[in-house]
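Asker: show me how the following folds:
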Amino acid sequence: MSLQKLSHAGRTPTLPLALDLAGESLVLERQLRVLPGQRYVCQASWQGRQVLAKLLVGGKARRHFQRELEGAERIARQGLVTPELLAHGFVEGQGGWLLFEYLDGAQSLWEAWREVMQEPLLSDAQQGVLAEALGAIGQMHAQGLWQDDLHLDNLLRHEGRLYLIDGGGVRWEALGQPLSRARILANLGIFFAQLPAEIEPFIEELLVPYLLANSEHALPLEALLKETHKTRAWRLNDYLKKVARDCSLFSAHIGAFGAQVVRRDEEAGLQAVLAKPDIFIARGKLFKTGGAATVARIDVDGRLLLIKRYNIKNPLHWCKRFWRPSRAWHSWVEGNRLDFLGIATPRLLAVIERRWLWMRGSAWLITELLRGEDIIARFQPYLDGCPPEQELVALDRLFAALIRERISHGDLKGHNLFWEHDRWSLIDLDAVQQHGSDASFARAYAKDRARFLRNWPTDSSLYRLLDQRLPAVPGTSIED
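Answerer: Below is the predicted model of the structure:
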């Protein structure tokens, strides 16, 4: 196959696939990243060895190829550790290729971070990952380079060394000279915006490995936090756009007669449920029936999931609902918002809306199933005592996150808070809202806090403990 034909292969070309590159054969064996019709990144076989192949096709191929090539060469020339570029070429009218040494068994720092992200805040392991990353970023900045899409996936651990990858995102000012302070602050803002917001009070001490590698400028904390907040807000807005369209993360089909969005890595396994969700509900274990919603545990090839159908009760109810996003769609968007912000909730897998000429009817939300206990059951033995400190600290962190992000739940009864994987997860997201003003959030938070405390008798030791422990935002009295 030629590169020109590859540009029409779509998102999932059939592998293995032999390509002809200027008379040499490249066999694509495993797909790593795809932007259909533009970029294919694959593990491949070339001249009897394993390589990482970046293939650039389509109308923008020349520009993308040149950017990848220049970036990779700049990284290497500045003495930074990066995979060796073994071969490259471009054929007009077809596309270009860059073949790098394949780092077998390499682990990205994002994978390393995911392994430790649930540990206590800034554990030794977490600090180790961040120190590696910031040290490498400091070395890059000291040489006048930066990555405009800086993230932990662009740093690979391999045999005791840390490799910088993705030349396509590399930019530079004066090569061999440290970056300007403004550029450093903007780039570090991108980095810290991808980490949990609760680490912000510790950014100054986390910067030590960076400053050991590049101490050219003093870095004002206030300016760095401003860049971090600006980038985090942009990333959240960009991500929420993706949850409603077809992209690398989600498969979406949206039109006048229906809407369906599913996580792309779950699409194949959920085909039967997506086609006939009510059949699975009928076969499953019902937790709630009738009324505005039906909730069931379902079995999908041995995997237990939760499906929630939002019902249309009668014509009057339909008249109130058809013109606005369904509660399933609202829960889908807000659940993904919570996940992005690091607030635990069951992993959302898919959402379906039935429509007729854009007018909405019944809708379904499919999520992973939580197997833990809700907080009422979990804390029942401690009505006259004190729950485990670990669980109280996790509750502190949850409420702190809700306050920091100005998010209200809307129905914070105990059955909507589950203990799983050493943290509290929120469910039933129909009324979740991120507020645009402190005043709006203050009133909503006061109601959430009051509803949460009503889960226990006011004369119990547990009630008094939680009332004392849970933060009260100034001005959040319900009577205000």
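Asker: just the helices in the stretch 151-300 of the chain please.
Answerer: 181-193, 203-206, 208-213, 221-242, 271-275, 277-283 (DSSP state H, counting those that start in this stretch).
Asker: reformat the ones you listed as a markdown table; add distance to Phe65.
Answerer: (Glycine included, C-beta is placed from N, CA and C.) Listed next are the helices of the stretch 151-300 of the chain as a markdown table, based on distance: least, Cβ to Cβ, whole Å:
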| stretch | distance to Phe65 |
| --- | --- |
| helix 181-193 | 24 |
| helix 203-206 | 36 |
| helix 208-213 | 31 |
| helix 221-242 | 26 |
| helix 271-275 | 37 |
| helix 277-283 | 45 |
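Asker: so which of the ones you listed is the most surrounded?
Answerer: Highest mean neighbour count of the helices of the stretch 151-300 of the chain: helix 181-193, a mean of 20 (counted as mean count of other Cβ atoms under 10 Å).
Asker: rewinding a little: the helices of the stretch 151-300 of the chain: which one's closest to Pro36?
Answerer: Pro36 lies closest, by Cβ to Cβ, to one member of the helices of the stretch 151-300 of the chain: helix 221-242, at 15.1 Å.
Asker: pLDDT at the most centrally placed residue in the chain, what is it?
Answerer: Nearest residue to the geometric centre of the chain (Cα atoms, centre = their mean): Phe340, 4.9 Å. Phe340 carries a pLDDT value of 93.
Asker: Phe257 now?
Answerer: Reported pLDDT for Phe257: 79.
Asker: mind checking how far it is from Leu240?
Answerer: 24 Å (Cβ to Cβ, to the nearest Å).
Asker: how about Ser7?
Answerer: Using Cβ to Cβ, Ser7 is found at 30 Å from Leu240.
Asker: in the lengthiest strand in the chain, which residues are buried?
Answerer: The residue-count maximum for a strand in the chain (DSSP state E) belongs to strand 24-35. In terms of neighbour count (16 or more other Cβ atoms under 10 Å), strand 24-35 has its buried residues at 26, 28, 34.
Asker: just checking, what packs against that strand?
Answerer: strand 17-21, strand 39-46, strand 49-57 (3 or more Cβ pairs under 8 Å, 6 or more residues apart in numbering; DSSP states H and E).
Asker: can you rerun that using 10 Å?
Answerer: strand 17-21, strand 39-46, strand 49-57, strand 85-91, strand 95-101 (3 or more Cβ pairs under 10 Å, 6 or more residues apart in numbering; DSSP states H and E).
Asker: how far does that strand sit from the chain's center?
Answerer: Put simply, strand 24-35 sits 25 Å off its chain's centre (Cα atoms, centre = their mean, to the nearest Å).
Asker: now that strand: mean pLDDT?
Answerer: Rounded mean pLDDT across strand 24-35 is 92.
Asker: who does it pair up with?
Answerer: strand 17-21 (antiparallel), strand 39-46 (antiparallel) (DSSP bridges).
Asker: comparing the ones you listed by mean pLDDT, which bottoms out?
Answerer: strand 17-21 (a mean of 91).
Asker: and that strand with strand 95-101, angle?
Answerer: If you take axes from the mean of the first three to the mean of the last three Cα atoms, to 10 degrees, strand 17-21 sits at 110 degrees to strand 95-101.
Asker: now strand 17-21, how far from the chain's geometric center?
Answerer: With Cα atoms, centre = their mean, you get 34 Å for strand 17-21.
Asker: what of stretch 168-177?
Answerer: Taking the mean of its C-alpha atoms, stretch 168-177 sits 28 Å from the chain's own mean (Cα atoms, centre = their mean).
Asker: keeping just the C-alphas, turn that stretch into PDB.
Answerer: Extracted C-alpha coordinates of stretch 168-177, given in PDB (Å, rounded to 0.1, in the frame of the first residue of the first chain):
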ATOM      1  CA  GLY A 168       6.300  18.000  16.200                       C
ATOM      2  CA  GLY A 169       5.400  20.000  19.400                       C
ATOM      3  CA  VAL A 170       8.900  21.400  19.900                       C
ATOM      4  CA  ARG A 171       9.500  25.100  19.500                       C
ATOM      5  CA  TRP A 172      12.500  27.300  20.200                       C
ATOM      6  CA  GLU A 173      13.700  30.800  20.800                       C
ATOM      7  CA  ALA A 174      17.500  31.200  20.800                       C
ATOM      8  CA  LEU A 175      19.000  27.700  20.600                       C
ATOM      9  CA  GLY A 176      21.500  27.000  23.300                       C
ATOM     10  CA  GLN A 177      20.300  29.900  25.500                       C
END
